[in-house]
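Colleague: quick one: sequence plus predicted model below, questions after.
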Protein chains: 4
Amino acid sequence: MSNNPNFQPLNLLEYESLASQHLSQMAFDYYASGAWDEVTLRDNRAAFDQFRLRPKMLVDVSKRNLTTTILGHILQFPLLIAPMAFQCLANPEGELATARAAAKAGVGMILSTLATKSIEEVAQASLNSSPSPLNWFQLYIHRDRGLTQALIERASSAGYKALCLTVDAPLLGRRERDQRNHFSLPSGMQLANISSSGLGISHSDTESDLFTYFAYQLDPSITWKDLEWVQSISPLPLVLKGILRADDAVRAVEAGAKAIIVSNHGGRQLDGAIASLNALSEVVDAVAGSVDVLVD
Amino acid sequence: MSNNPNFQPLNLLEYESLASQHLSQMAFDYYASGAWDEVTLRDNRAAFDQFRLRPKMLVDVSKRNLTTTILGHILQFPLLIAPMAFQCLANPEGELATARAAAKAGVGMILSTLATKSIEEVAQASLNSSPSPLNWFQLYIHRDRGLTQALIERASSAGYKALCLTVDAPLLGRRERDQRNHFSLPSGMQLANISSSGLGISHSDTESDLFTYFAYQLDPSITWKDLEWVQSISPLPLVLKGILRADDAVRAVEAGAKAIIVSNHGGRQLDGAIASLNALSEVVDAVAGSVDVLVD
Amino acid sequence: MSNNPNFQPLNLLEYESLASQHLSQMAFDYYASGAWDEVTLRDNRAAFDQFRLRPKMLVDVSKRNLTTTILGHILQFPLLIAPMAFQCLANPEGELATARAAAKAGVGMILSTLATKSIEEVAQASLNSSPSPLNWFQLYIHRDRGLTQALIERASSAGYKALCLTVDAPLLGRRERDQRNHFSLPSGMQLANISSSGLGISHSDTESDLFTYFAYQLDPSITWKDLEWVQSISPLPLVLKGILRADDAVRAVEAGAKAIIVSNHGGRQLDGAIASLNALSEVVDAVAGSVDVLVD
Amino acid sequence: MSNNPNFQPLNLLEYESLASQHLSQMAFDYYASGAWDEVTLRDNRAAFDQFRLRPKMLVDVSKRNLTTTILGHILQFPLLIAPMAFQCLANPEGELATARAAAKAGVGMILSTLATKSIEEVAQASLNSSPSPLNWFQLYIHRDRGLTQALIERASSAGYKALCLTVDAPLLGRRERDQRNHFSLPSGMQLANISSSGLGISHSDTESDLFTYFAYQLDPSITWKDLEWVQSISPLPLVLKGILRADDAVRAVEAGAKAIIVSNHGGRQLDGAIASLNALSEVVDAVAGSVDVLVD
């Protein structure tokens, strides 16, 4: 497939293969890799192959409806694009292109704190779409609470519909491919929503810039109590991303979360963690319909 | 094996290897591929390897009898050849050769709606065989009910012994190899039983012709109620092909089916569906001997 | 390893590799292959890898005793060499060398009906060994009962200690490698104990000579009742080789067998049969110590 | 990775790969291989991949504490370096370098009886470290009890904090790679703590020198009773290394052991033994907190 400039990918694996040809090694590895030995990265995919469907026949499927409602918003297809950082690594339009594509397809988009386009630009990109787009803002709580509060307020002002707090990354998982590549943003590319601080400041010889960023900028002391602070700043519904256990799911509901994303961060945080799909049913059972549950 | 013109295949895998040498890529892929990621295609075969036999010894096997009775017809070997479309892709004699071989071996044949030889020609091909051949007609219900009724009446008139209604294909499974090949019938080859409509009319750039045919010609609204209509047209016993669940099996019996073929369409429809063999026992248990059960 | 003439094998896999270099393809395949798709052949080995030992520590192992008693005979090591046919294919000394090696190692030997050395020669080969050798005779019941009776009487006269009746081969498993090779004994080699009949008479183009031999010479009608006949001819204890089920094991004891060999014929008969090791515990439980149980 | 002299390994697999480039085949194989077919060697690693973690989120991890206490000594990280023999094979500094590294990292070190640096030198190597180093002495009981007693007394005098008696090696597992390499210590290298006897005396053509050493020098008759003798000589706490069963664990506690190392000797003794990790929970349950439990 690699020699044919007219090659049209038919599935995600073929897109991944194309990406490996068009992206730099550093960018491709950033997107494709997992933490440590990548046991969980592999298991995330294997878990889907282990489920089997038992379809019913002779059902009228002449009209098929894939719409769903999430936090009161109707989606044409039950999908929100996960918050992926640094999308300008893949294309100069970065998160703007993603926002436009999501709106066009009628699916949601979750903008990463570590975006390379600004909160406001991304909101603007799909502003006039119809039906109205669904954008959420993914939040990391920084040691600098003023910075964090500013991010929340900007997302709220710009029309984002929820705050999606990532709870599984108090420290960054050691991603060996990023270490090997001394991962850093290319010259001229920067975090669009975090002034002064951020990647690119000090290139460590032994760690990726992202690892250093997490270690120095993000707050590893966050607990359930901090959710009160987040909710006190913004009326936006709170979504917790990174829950893998029934007990945590129950606690999330008690703490006011309006939706839960069952996720192990794509195998990029704690290697050896249970596959997201395998954690789904215990979370669904635990919340018993009281909040929406998504799986990563 | 590929260099020896006198090579004699000993098993199906060797026949498949020979086929890959003698058929066009488009034809071979049509026969060999499954839907999407081909998870179910692989699982169909793997399921057979997971069963273990526990044989009894010191049994007199000097006389071995493999005959069986299906819908009142005696077969020399408990097999009916599945309804495979477009057999002229493999050999100019197409379904005629298959009918003659089936009759000679004393097994049954199920003729596909999408055959490249006519219902009447195929019936004729094995007419004088002894013992008498067992041919069934596989039916797709088209949006054009007149066309559908005509197919049923022709099969009945031509001496077919049952109508085998495929219930697992209201829409065609996305078969990526066919998409990649822009699958279409070669020039000069056509559906022998469906005038005017059919494959080869419009070659889509992004879908196989077969996918388009299913989307435009077949009726995706079929439900259990439509079985009454089929049975009102023809006195032939009704066989449902594509059942994978006990509840559907019970309903099939209630709806008047005389036999059930447990099948996931060879992994060519819903990828991720349970392996046919793994669905067999629940169907057998559910019907409790009230109808014949076959597995694909 | 293959280039070093001084290579010393350390384990059975290395011996197998050496054998593949020194034997003809036909001979190697005869020994190494299984029936049909060789599912059971592979499973026989895999079953051993699935068991785990839970050793006890701080046990005095300064004196280790591997001797065992089988049908009243003491072995230095709990092993009898399985009845393998045509041993002259591997070495001109054939079964004579095996008999001498077995006697020297203090293990037993089971001579195949299809040996290429005579019953008497083999008995002679280890006659003066000390401790006294343990030879059993493996029996196939031929359609020609006179021939069968003669084999039994010769084994008895020559000092064999048991009759080991193979019960899992009323017909030969289809061994595709033998078919591919048109397996037959090389010119000048013959069955040493079966005059006139035997391999080499008619070379079929589509079957191995061994397959033909089984089909024409051996009796596929043998049942439990025939064990009475065998026991009426000879006072030798009867061993049944090829039992894979508890119910058959119980019946074997009732029929007078003095030992059972749990075996699927090395995966060379019914492909898909349970691994011998996996059938062992149910047989051991079923006979409850009333007879000796061996596993193949 | 192999062509880059500046390559920095990121994980143990990369260190292993580097080691394979820098060590002689004999030395690398000695460290890397297991007994017989290496089933247990592979299973030891596979067992870790089969466990899945179910992490709790929103826990304050700003302060992380990996210290632990073992037999009253505080470690900065819950690890003791296993007693590996012949460390001068890897580096001229051998066990001295290991002792210094362990002290610097705040982990423990277990010195092998078969060290290539003396008990006293190794104790000296990390003497002035702060916090104080934790060294244990691994003991094999020799047929020569005087020699054994001398080893114990030297370890005690030199400040070792525990005697770690290996109980799973009354005879050496047959390590085929060592056999193939006729493993022996290079000229000029010797056992530093065992005068006169030891490796290098007679190079067998068919066994490794280590195998011969075990067979002639070590005592295979050791039982639970001998633990009394060991404890009568030295006040050092006794640790048993090589326990894989709950019953043995209970007995170890009764016999006075103060800690247990659940181990199958790295898959180098009884091949087919249960993976160490899979034996851990039964041992932990059995001792119910009465002694410390480590896993190898």
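Modeller: Cool, got the structure.

Colleague: show me which positions of the helix or strand of chain A with the lowest mean pLDDT end up buried.
Modeller: Scoring the helices and strands of chain A by mean pLDDT, DSSP states H and E places helix A:209-217 at the bottom, with a mean of 88. Across helix A:209-217, burial judged by 16 or more other CB atoms under 10 Å in any protein chain shown covers A:209-214, A:217. Just so you know, the C-beta spots here come from the backbone N, C-alpha and C atoms, and that holds for glycine as well.

Colleague: does it come close to chain D?
Modeller: No - judged by CB under 8 Å from any CB of the partner chain, helix A:209-217 stays clear of chain D, getting no closer than 11.1 Å.

Colleague: contact partners of the helix or strand that that helix is followed by?
Modeller: The helix or strand immediately downstream of helix A:209-217 is helix A:226-233, counting by DSSP states H and E. With contacts defined as CB atoms under 8 Å, 6 or more residues apart in numbering or on different chains, helix A:226-233 is touched by A:139, A:141, A:145, A:149, A:152-153, A:163, A:165, A:238, A:255-257, D:58.

Colleague: now, these that are in helices?
Modeller: The helices, defined by DSSP state H, take in A:145, A:149, A:152-153 from the contacts of helix A:226-233.

Colleague: ranges for the strands of the stretch 51-200 of chain A?
Modeller: Along the stretch 51-200 of chain A, counting by DSSP state E, counting those that start in this stretch, strands occupy A:68-70, A:73-75, A:80-81, A:108-111, A:134-139, A:163-166.

Colleague: list of residues touching stretch A:91-107?
Modeller: Contact with stretch A:91-107 is made by A:67, A:75-77, A:79-81, A:86-88, A:108-109, A:111-112, A:115-117, A:121-123, A:125-126, A:129, A:131, A:133-135, as judged by CB under 8 Å, 6+ apart.

Colleague: what comes up buried for that stretch?
Modeller: By 16+ other CB under 10 Å, the buried positions in stretch A:91-107 come out as A:94-100, A:102-103, A:106-107.

Colleague: ok, A:Pro131 touching A:Ile74?
Modeller: Yes - using CB atoms under 8 Å, A:Pro131 and A:Ile74 qualify as a contacting pair, with a distance of 7.0 Å.

Colleague: elements contacting the least confident helix or strand of chain A?
Modeller: Under the contact criterion of 3 or more CB pairs under 8 Å, 6 or more residues apart in numbering or on different chains; DSSP states H and E, helix A:209-217 touches helix A:176-180.

Colleague: ok, the helix it packs on near chain D or not?
Modeller: Yes - for helix A:176-180, a contact with chain D is found by CB under 8 Å from any CB, at A:176, A:179-180.

Colleague: which among those gets closest to chain D?
Modeller: Set against chain D, the nearest of these by CB to the nearest CB is A:Glu176 (4.8 Å).

Colleague: the closest one: how many residues sit nearby?
Modeller: 20 (other CB atoms under 10 Å in any protein chain shown).

Colleague: touching, it and D:Pro9? I think so.
Modeller: No - A:Glu176 is beyond contact range of D:Pro9, at 10.2 Å (criterion: CB under 8 Å).

Colleague: and the residue of the stretch 1-150 of chain A closest to chain D?
Modeller: A:Val39 (5.8 Å).

Colleague: so what's that residue up against?
Modeller: By CB under 8 Å, 6+ apart, the residues touching A:Val39 are A:267, A:271-272, D:49.

Colleague: how does it look with 10 Å?
Modeller: Applying CB atoms under 10 Å, 6 or more residues apart in numbering or on different chains, we find A:Val39 in contact with A:267, A:271-273, A:275, D:48-53.

Colleague: close to chain D, is stretch A:9-27?
Modeller: No - judged by CB under 10 Å from any CB of the partner chain, stretch A:9-27 and chain D are separated, with a smallest distance of 14.6 Å.

Colleague: so how far is that stretch from its chain's centroid?
Modeller: On the basis of CA atoms, centre = their mean, to the nearest Å, stretch A:9-27 sits 19 Å off its chain's mean C-alpha point.

Colleague: and stretch A:151-167, by the same measure?
Modeller: 13 Å.

Colleague: and that stretch, average pLDDT?
Modeller: Regarding stretch A:151-167, the rounded mean pLDDT is 98.

Colleague: now stretch A:58-76
Modeller: Across stretch A:58-76, pLDDT averages out at 97.

Colleague: straight-line length of it, end to end?
Modeller: 25 Å (CA to CA, to the nearest Å).

Colleague: show me which residues of the stretch 101-250 of chain A sit near chain D.
Modeller: So far as CB under 10 Å from any CB goes, the stretch 101-250 of chain A lies against chain D at A:143, A:165-171, A:174, A:176-177, A:179-180, A:205-206, A:219-227, A:240-248.

Colleague: which ChimeraX command selects the buried ones in those residues?
Modeller: To isolate the buried ones among those in ChimeraX, judged by 16+ other CB under 10 Å, type:
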select /A:165,166,167,168,169,170,174,176,177,179,180,219,220,222,224,226,227,240,241,242,243,244,245,246,248
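
Colleague: reformat the ones in helices among the contacts of helix A:226-233 as JSON lines; add neighbour count and distance to B:Ala27.
Modeller: Output for the ones in helices among the contacts of helix A:226-233, formatted as JSON lines (neighbours: other CB atoms under 10 Å in any protein chain shown; distance: CB to CB, whole Å):
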{"residue": "A:Arg145", "neighbour count": "13", "distance to B:Ala27": "66"}
{"residue": "A:Gln149", "neighbour count": "17", "distance to B:Ala27": "65"}
{"residue": "A:Ile152", "neighbour count": "22", "distance to B:Ala27": "60"}
{"residue": "A:Glu153", "neighbour count": "13", "distance to B:Ala27": "63"}
